[in-house]
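give the three-dimensional model of this entry:
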Amino acid sequence: MNDANQAGQADDAPGPVVHTRVDGGVLVVVLDRPKANAIDAATSREMGRVFAGFRDDPSLRVAVLTGAGERFFSAGWDLGAAAAGEEFEADYGEGGFGGFCELPGRHKPVVCAVNGMAVGGGFEIAMAAEFVVAADHARFFLPETGLGIIPDAGSIRLPRLLPPVVANEVLYGGRRLDAFEAERCGLVNKVVPAADLEDAAMELAGRIASAAPLAVEAVMAIDRATRHLPLGEAFGHLRSGDLEAYERMLRSEDAKEGPRAFTEKRDPYWQGV
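Numbers count the residues shown, from 1 in each chain. Have a look, this model is predicted:
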């Protein structure tokens, strides 16, 4: 059976399908739905609850999302559930499909550790992350047009991430990108051997978690607010006083602590205030 067909099979494993652990300020989230880590509406809502908890917990700075096993990061929408009657526009929870992609008020970054194939909605989840680390055998593709549907989020996100002709081939014709192609295109930060994936993702997440949290939040807020603007308008918006996260960072104790720690030759103590 080819990969695309297997990805369409309903996952049938009993028990919890979303596992979490905390490592310092990093929340590790593992999607575990054999055979292909496909996501039905109930799983997406559970992921949304997990990521809402991450958003609301001040002790957590970064999340790492990966899939169980070595073959699939996620096959995306569970086509077995769809065949059983689950609608394409089902209730996927507060954070949208995959739990964090449309989560309101999320001002903390997510790292996707892509441990295998990222298919359809699984690829769309990776597109929504701030950082992506991939195993060298990972593959990224969108088979939706061959199934009579379209990748909604992918149709919006991918043309913003790839050169138009490459995005079109992936979206219209289902072109598969291997991990190294995805890295060259700027979809992936780093490609590593599968055995090194967790360490690489946690090293990246740890570096982000060690930064000042209000500064990380401000960078995310500025990016979201200005990415679509011409350069002059972007700087005008930055200086307008309307970007709350940026203004809060400027007034923070952490903004004083950083230079003080540097001059005193010690590690900074971030309070997030």
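
C-alpha from now on. contacts and neighbour counts both.
OK.

shaky segments in this protein?
1-15, 82-88 (pLDDT under 70).

what's the longest helix in it?
In the chain, with assignment by DSSP state H, the single longest helix is helix 41-56.

so which elements touch it?
strand 18-23 (3 or more CA pairs under 8 Å, 6 or more residues apart in numbering; DSSP states H and E).

run through who's touching the strand it packs on.
27-32, 43, 46-47 (CA atoms under 8 Å, 6 or more residues apart in numbering).

then it to CSV, C-alphas only?
In CSV, the C-alpha atoms belonging to strand 18-23 read as follows (Å, rounded to 0.1, in the frame of the first residue of the first chain):
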residue,chain,number,x,y,z
VAL,A,18,-1.7,13.1,23.1
HIS,A,19,1.2,12.7,25.5
THR,A,20,3.0,15.6,27.2
ARG,A,21,6.0,16.2,29.4
VAL,A,22,7.7,19.3,30.7
ASP,A,23,11.5,19.8,30.5
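
between that strand and helix 41-56, how big is the angle?
On the basis of axes from the mean of the first three to the mean of the last three CA atoms, to 10 degrees, strand 18-23 is oriented at 20 degrees to helix 41-56.

ok, strand 18-23: who's next to it in the sheet?
Its sheet considered, strand 18-23 pairs with strand 26-31 (antiparallel) by DSSP bridges.

off-centre distance for the strand it pairs with?
With CA atoms, centre = their mean, to the nearest Å as the basis, strand 26-31 stands 11 Å off its chain's centre.

helices of this protein, start to end?
3-7, 41-56, 79-83, 121-128, 152-161, 164-173, 179-185, 197-209, 213-226, 231-238, 244-250, 253-263.

and those helices, which is most packed in?
Compared across the helices of the chain, helix 121-128 shows the largest average neighbour count, a mean of 24 (mean count of other CA atoms under 10 Å).

which elements pack onto it?
Counting by 3+ CA pairs under 8 Å, 6+ apart, the packing neighbours recorded for helix 121-128 are strand 72-74, helix 152-161.

one more time with 10 Å, if that's ok
strand 62-67, strand 72-74, strand 110-114, strand 117-119, strand 139-141, helix 152-161 (3 or more CA pairs under 10 Å, 6 or more residues apart in numbering; DSSP states H and E).

how much does the last one deviate in direction from helix 164-173?
Inter-element angle recorded for helix 152-161 and helix 164-173: 160 degrees (by the same axes, to 10 degrees).

could you say what helices and strands helix 152-161 packs with?
Using 3+ CA pairs under 10 Å, 6+ apart as the contact test, the elements touching helix 152-161 are helix 121-128, helix 164-173.

CA atoms only: put that helix into CSV for me.
Output of helix 152-161 as CSV, limited to C-alpha atoms (Å, rounded to 0.1, in the frame of the first residue of the first chain):
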residue,chain,number,x,y,z
ASP,A,152,-7.5,25.3,3.3
ALA,A,153,-4.7,26.5,5.5
GLY,A,154,-2.0,25.4,3.1
SER,A,155,-3.6,27.4,0.3
ILE,A,156,-3.1,30.5,2.4
ARG,A,157,0.2,29.8,4.1
LEU,A,158,2.3,28.0,1.5
PRO,A,159,2.4,30.8,-1.1
ARG,A,160,3.7,33.0,1.6
LEU,A,161,6.5,30.6,2.4
